[in-house]
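# Show me the folded form of this:
(one chain, ligands or ions: 1)
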Amino acid sequence: MFFEVQDLTKTYTHNGHHFAAVDHLSFSLAPGEILAVAGESGSGKSTLCRIICQFSRADSGHILFHDQDITNVPEKERKQLYRHIQMVFQHPYRSFHPRFTLEKSILAGIRNYHLPVTPEMFQQYMEEVHLTRDIIRRYPHEVSGGECQRAALLRSLVIGPELLICDEVTSALDATIRNEIAGLIRRICQHHRIACLFITHDLYLARTMADRILIMHHGRAVEEGPAEQLFHHPQQTYTQELLSSLL
Ligand SMILES: Nc1ncnc2c1ncn2[C@@H]1O[C@H](COP(=O)(O)OP(=O)(O)OP(=O)(O)O)[C@@H](O)[C@H]1O
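Coordinates of the predicted model:
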């Protein structure tokens, strides 16, 4: 299996009361597939993302990548793992060093992995995310949110990942550029056959972006299916209510 989450659970405690932010969650992802994990605020999406990115530890369950257990990867092995799994986060400005130009941060990633990225390849990647040399030679505070998020995408793309994890990557952006960034991610993933786990609270975006959608509620997978099928023929009452609240 390319990527699989198996029976993942993460519990938090509030005032002595235990609750599962992620509750026996299981799903899988095929190479090159785009899966949107969608749900309301508090459904456990960010907790899931933090566990996959190793920022937080699951109580139980497993995450497999190419059949290898990556649930708790020792720190010294993480660099190698992140050569294949890249992440883009919600707040683009926070993901860049404020005193480095965007170009310097992007090139640092290439150097870190000793990647054979030629200037021609770099130029091509830059054009794919609709950025110019003039823009990436600026500091983060000198570009727009959309430009900064495209630079974050470029930084991930040049590493050559097999899986891209996008955690609410359009939420901090203006509505006008949300669809543009989501469309860009879809085209890039399709072109380079990169699988994508697209975490979002926006069901419309999930529909336009993803091959499949998984609906989360209270940490559980309520329903999962091909994007159009799930939109037109939701099987579960919760999904039906969620969709009708959009109308
Ligand atoms: N570190 C923590 N300690 C205690 N509870 C937490 C912690 N992180 C998250 N939670 C709780 O776990 C639940 C799931 O939160 P999570 O952030 O994963 O949801 P989400 O779907 O990403 O929501 P949003 O879209 O608002 O970011 C929520 O009830 C939240 O309050």
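# How about residues contacting the worst-scoring helix or strand of the chain on mean pLDDT?
Least confident element among the helices and strands of the chain, by mean pLDDT, DSSP states H and E: helix 75-81 (a mean of 89). Outside helix 75-81, the residues within contact range by Cβ atoms under 8 Å, 6 or more residues apart in numbering are 54, 65, 70, 73, 112-113. Yep, even glycine has a C-beta here, placed from its N, CA and C like the rest.
# Save these as JSON lines, and put in secondary structure, neighbour count and pLDDT too.
Putting those into JSON lines (DSSP: H, G, I helix; E, B strand; the rest coil; neighbours: other Cβ atoms under 10 Å; pLDDT from 0 to 100) gives the following:
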{"residue": "Gln54", "secondary structure": "coil", "neighbour count": "18", "pLDDT": "90"}
{"residue": "Phe65", "secondary structure": "strand", "neighbour count": "20", "pLDDT": "96"}
{"residue": "Ile70", "secondary structure": "coil", "neighbour count": "18", "pLDDT": "94"}
{"residue": "Val73", "secondary structure": "coil", "neighbour count": "17", "pLDDT": "89"}
{"residue": "Asn112", "secondary structure": "helix", "neighbour count": "12", "pLDDT": "92"}
{"residue": "Tyr113", "secondary structure": "coil", "neighbour count": "15", "pLDDT": "92"}
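# ok, those vs the ligand, which is closest?
Gln54 (15.2 Å; Cβ to the nearest ligand atom).
# mind pulling up the phi and psi values for that closest one?
Phi and psi for Gln54, reported as degrees, to the nearest 10, are phi 70, psi 20.
# Arg111 now?
Dihedral angles (degrees, to the nearest 10) for Arg111: phi -70, psi -40.
# Tally up the residues packed near it, please.
For Arg111, the neighbour count with other Cβ atoms under 10 Å is 9.
# So that it lines up with my notes, have the first residue be 297 from now on.
Okay, using 297 as the starting number, the last item reads as Arg407.
# is it possible to export the contacts of helix 371-377 to CSV including distance to the ligand?
What follows is those, written out as CSV (distance: Cβ to the nearest ligand atom, whole Å):
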residue, distance to the ligand
Gln350, 15
Phe361, 21
Ile366, 20
Val369, 21
Asn408, 29
Tyr409, 29
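# Tell me which helix or strand the residue nearest to the spatial centre of the chain sits in.
Of all residues in the chain, the one closest to the mean position by Cα atoms, centre = their mean is Cys462, 1.6 Å from it. Assessed by DSSP states H and E, Cys462 sits inside strand 459-463.
# Secondary structure of His437: a strand, I assume?
No - the assignment for His437, made by DSSP: H, G, I helix; E, B strand; the rest coil, is helix rather than a strand.
# pLDDT weak spots in this structure?
Residues of the chain meeting the criterion pLDDT under 70: 543.
# hmm, 80 instead?
542-543 (pLDDT under 80).
# what does it have sitting close to the ligand?
When proximity is defined by Cβ under 6 Å from any ligand atom, the chain lies next to the ligand at 308, 317, 335, 337-343, 497.
# Can you flag the buried ones in those residues?
Neighbour-count burial (16 or more other Cβ atoms under 10 Å) applied to those gives 317, 335, 339-343, 497.
# quick one on the thing from earlier: of the residues of the chain next to the ligand, which belong to strands?
Counting by DSSP state E, those place 308, 317, 335 in strands.
# so what's the closest residue to the first one other than its chain neighbours up against?
Nearest-residue entry for Tyr308: Ala317, 5.5 Å, with adjacent residues in sequence omitted and distances by Cβ to Cβ, 6 or more residues apart in numbering. Contact criterion Cβ under 8 Å, 6+ apart gives 306-308, 340, 343, 515 as the residues in contact with Ala317.
# Show me what the helix or strand in which Val301 is found is in contact with.
For Val301, the element it lies in under DSSP H and E is strand 299-310. If you take Cβ under 8 Å, 6+ apart as the criterion, strand 299-310 is touched by 314-325, 340, 343-344, 347-348, 352-361, 459, 491, 493, 515.
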